[in-house]
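Peer 1: curious how this folds, go ahead:
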Amino acid sequence: MKTVTATQLKAVLHDGGEIALLDVREAGQFGESHLLFATPLPYSRLEIDVAALVPRKSVRIVLCDDGLADVATLAAKRLQAAGYADVAVLAGGNRAWTAAGYALFKGVNVPSKLFGELVEHEYDTPRITVRELARMQAARENFVIVDGRPFVEYQKMNIPGGICCPNAELPYRIRDMVTNPTTKIVVNCAGRTRSILGAQMLINFGVPNPVVALENGTQGWVLADYELEHGSTRRYPDHVDEKRLPELQKGARALAERFSIEFASAALVQKWLRDADRTTYLCDVRTPEEFKTGSIPGAAHAPGGQLIQATDQWVGVRNARIVLIDGGEIVRAPVVASWLKQLGYDAYVLEGGVKSGLRSAPAAQPALPDLARIPAVELKKTLDAGHCAVFDLGASMDFRKAHIPGSRWSTRVRLASDTRNEYRAIVLLAGDADVARLAAIEVQEAGIRDVKLLDGGLAAWTKAGLATVASPDVPPDDERVDYLFFVHDRHAGNREAMKQYLAWETGLVDQLDEQDKASFKIGSMK
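Peer 2: Okay, the predicted model is just below:
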């Protein structure tokens, strides 16, 4: 197996070429400690998600783990079998990286979190405290609160009176929400990053209103002993007044010029997609409702605000091209591109957006074992007779809440070990059946041939009227590698977790070395 040292990897990450640095541990392990530019790709979902994250099979790939579990070596063999030609493993994993004097980071989407803090410093983004906002509310001042998170997050909790408008939609829709240019606009999120980026997005776009970010968002609101709203339905208007479009397009063009954003024709992008030596991603930045009405085949739905906030959910290759697609108005795509460019990505805008006529192929589907299916009622009889063992490969939190009596929770990495002395038939289930199919590969290669899939999963079991059981402590916390405990309950009212999270967010910049900091290209406009 090809390996690279920590020092070699550090150099490769900054040589300007394409590279996919993939951390193949489970989500909880990744969130506790990982390399700054690592993309999370859990071994439990490796072949399911890799084609979208790493579409070009000749790209350089480096896999990493904690240096102990050898998951990276397992993943390397799977990727090579799937046709990836240039796969290496970080020798010694994260431990070797630390030993070489390089930093590891907690949390998720860390580059984007860091970016938000750097943006605030570079642009001196105006902000107000939650107590100042509460004073403004009490005084009935002329202002509006816009929540820059997706609607599903907004509905869980929001600042009283706030209106949901995801960040990338703000420049496009704000004039239909705030008609008075003297009205102050307060942008909030749950913490800091999206508040800062949303406010600066409006300022960069040239909105005449005074704009401020709400410091520490909903968490700061709770820590100041104010009550949040829950289940709110206020949101951005579905349609933009077409009479405003020329003015919006003028603002978007000006933004594109300031940040050297290039526009690409459908013919050029089509050529890029055929390029065997360069990776190109297609990202549709519109709202979920718009995406559902149809998009360019092969494009991923990456709502613009979230693409900036969590780029590693869609893009696994550093220094690849990212082509952004909007509804053809060519407003939202340039806005998002202006931030991706500052994040250090090579971002472009597709001329004509979804109306461009571009055609692309969806990501290839992995070859998964075609397991025999067992209906829930038959499984119950087989279980009662003691003729099978059931393994649940779903989320550990879901298993704690409800699982089939007698079933055991497992992961793809440990399933072969868990079934080593099992002489009975093996039945697998998971929230995503493909996760169970992937895990089946491990036991089949270990020599077990009688492996079945519960038809319809746990939902079919309960629909058949069969009982489930809850086990609040099973699996135990030390086995829950899929669950990120790091300030996990900050949205459940845990004030200490909120404080820890906000301190983590503001402290990220201090962990950056100069070489990594130079990867961000913030500025060019103030």
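Peer 1: switch to C-alpha atoms for all contacts and neighbour counts from now on
Peer 2: Will do.
Peer 1: and the closest residue to residue 86 other than its chain neighbours, how far from residue 519?
Peer 2: Closest residue in space to residue 86, ignoring its immediate chain neighbours: residue 60 at 5.2 Å, by Cα to Cα, 6 or more residues apart in numbering. Going from residue 60 to residue 519 by Cα to Cα, to the nearest Å gives 19 Å.
Peer 1: which of the two has more residues huddled nearby?
Peer 2: When neighbours are counted by other Cα atoms under 10 Å, residue 60 and residue 519 differ, and residue 60 comes out ahead with 19 against 15.
Peer 1: can you give me phi and psi for that one?
Peer 2: Backbone torsions of residue 60, given as degrees, to the nearest 10, read phi -70, psi 130.
Peer 1: tell me the contacts of the residue nearest to residue 309 when sequence neighbours are not counted?
Peer 2: Spatial nearest neighbour of residue 309, chain neighbours left out: residue 112 (5.3 Å); criterion: Cα to Cα, 6+ apart. The contact partners of residue 112, taken as Cα atoms under 8 Å, 6 or more residues apart in numbering, are 193, 308-311, 343.
Peer 1: compare those residues and tell me which is most surrounded.
Peer 2: residue 193 (27 neighbours).
Peer 1: so what's the residue count around the residue lying closest to residue 16 once chain neighbours are set aside?
Peer 2: Nearest residue to residue 16, sequence neighbours excluded (Cα to Cα, 6+ apart): residue 319, at 6.6 Å. Under the neighbour criterion other Cα under 10 Å, residue 319 is assigned a count of 22.
Peer 1: use 49 as the first number for this chain going forward.
Peer 2: Sure, I'll start numbering at 49, so the last one becomes residue 367.
Peer 1: can you pull the contacts of residue 367?
Peer 2: Neighbour list for residue 367: 64-67, 393-394 [criterion: Cα under 8 Å, 6+ apart].
Peer 1: in stretch 564-574, what's buried?
Peer 2: 565, 568-570 (16 or more other Cα atoms under 10 Å).
Peer 1: no, scratch that, I was asking about stretch 270-282
Peer 2: For stretch 270-282, by 16+ other Cα under 10 Å, it's 270-271, 280, 282.
Peer 1: name the surrounding residues that touch that stretch.
Peer 2: Contacts for stretch 270-282 (Cα under 8 Å, 6+ apart): 178-179, 202-208, 210-212, 266, 269, 541, 543, 546.
Peer 1: ok, of the residues you listed, which come out buried?
Peer 2: The neighbour count (16+ other Cα under 10 Å) marks 178, 202-203, 205-208, 210-212, 266, 269, 543, 546 as buried among the contacts of stretch 270-282.
Peer 1: distance of the residue sitting nearest the centre point of the chain relative to residue 535?
Peer 2: In the chain, the C-alpha nearest the mean C-alpha coordinate belongs to residue 361, at 3.6 Å (Cα atoms, centre = their mean). Residue 361 is 20 Å from residue 535, where distance means Cα to Cα.
Peer 1: picking that back up, list just the nearest of the buried ones among the contacts of stretch 270-282 to residue 431.
Peer 2: Minimum distance to residue 431 across the buried ones among the contacts of stretch 270-282 is 41.3 Å, recorded for residue 203 (Cα to Cα).
Peer 1: distance of the residue of the chain positioned farthest from its centre from residue 474?
Peer 2: Residue farthest from the centre of the chain, counting by Cα atoms, centre = their mean, is residue 433 at 43.5 Å. For residue 433, the distance to residue 474 equals 14 Å [Cα to Cα].
Peer 1: go on, residue 316?
Peer 2: Using Cα to Cα, residue 316 is found at 51 Å from residue 474.
Peer 1: next one: residue 463
Peer 2: Residue 463 is 11 Å from residue 474, by Cα to Cα.
Peer 1: and what of residue 339?
Peer 2: 40 Å.
Peer 1: with residue 109 instead?
Peer 2: 34 Å.
Peer 1: try residue 271
Peer 2: In terms of Cα to Cα, residue 271 sits 49 Å off from residue 474.
Peer 1: where are the low-confidence patches of this structure?
Peer 2: Scanning the chain for pLDDT under 70 picks out 572-574.
Peer 1: rerun at 90
Peer 2: 49, 117, 407-415, 533-546, 548-549, 571-574 (pLDDT under 90).
Peer 1: quick revisit: between the buried ones among the contacts of stretch 270-282, which sits nearest residue 407?
Peer 2: Among these, and counting by Cα to Cα, the member closest to residue 407 is residue 212, at 32.7 Å.
Peer 1: need phi/psi at that closest one.
Peer 2: When read as degrees, to the nearest 10, the backbone of residue 212 gives phi -70, psi 130.
Peer 1: contacts only, for it.
Peer 2: So, once contact is read as Cα under 8 Å, 6+ apart, residue 212 ends up touching 194-199, 202, 282-284.
Peer 1: show me the contacts of residue 160 that map onto strands.
Peer 2: Per DSSP state E, strands hold no members of the contacts of residue 160.
Peer 1: between these, which sits nearest residue 326?
Peer 2: Closest to residue 326, out of all of those and judged by Cα to Cα, is residue 359, at 18.5 Å.
Peer 1: so that closest one touches residue 158, yeah?
Peer 2: No. If you go by Cα atoms under 8 Å, residue 359 and residue 158 don't touch, sitting 9.9 Å apart.
Peer 1: which residues does residue 350 contact?
Peer 2: Contact partners of residue 350, counting by Cα under 8 Å, 6+ apart, are 331-334, 362.
Peer 1: hmm, 10 Å instead?
Peer 2: 330-336, 339, 356, 358-359, 361-362, 372-373 (Cα atoms under 10 Å, 6 or more residues apart in numbering).
Peer 1: burial measure for the spatially closest residue to it that is not a sequence neighbour, as a count.
Peer 2: Once flanking residues are discounted, residue 350 sits nearest to residue 333: 5.1 Å by Cα to Cα, 6+ apart. For residue 333, the neighbour count with other Cα under 10 Å is 27.
Peer 1: wait, isn't residue 333 in contact with residue 216?
Peer 2: Yes. At 8.0 Å, residue 333 and residue 216 qualify as touching, with contact defined as Cα atoms under 10 Å.
Peer 1: how close does the residue nearest to the centre of the chain sit to residue 297?
Peer 2: From residue 361 to residue 297 the distance is 29 Å (Cα to Cα).
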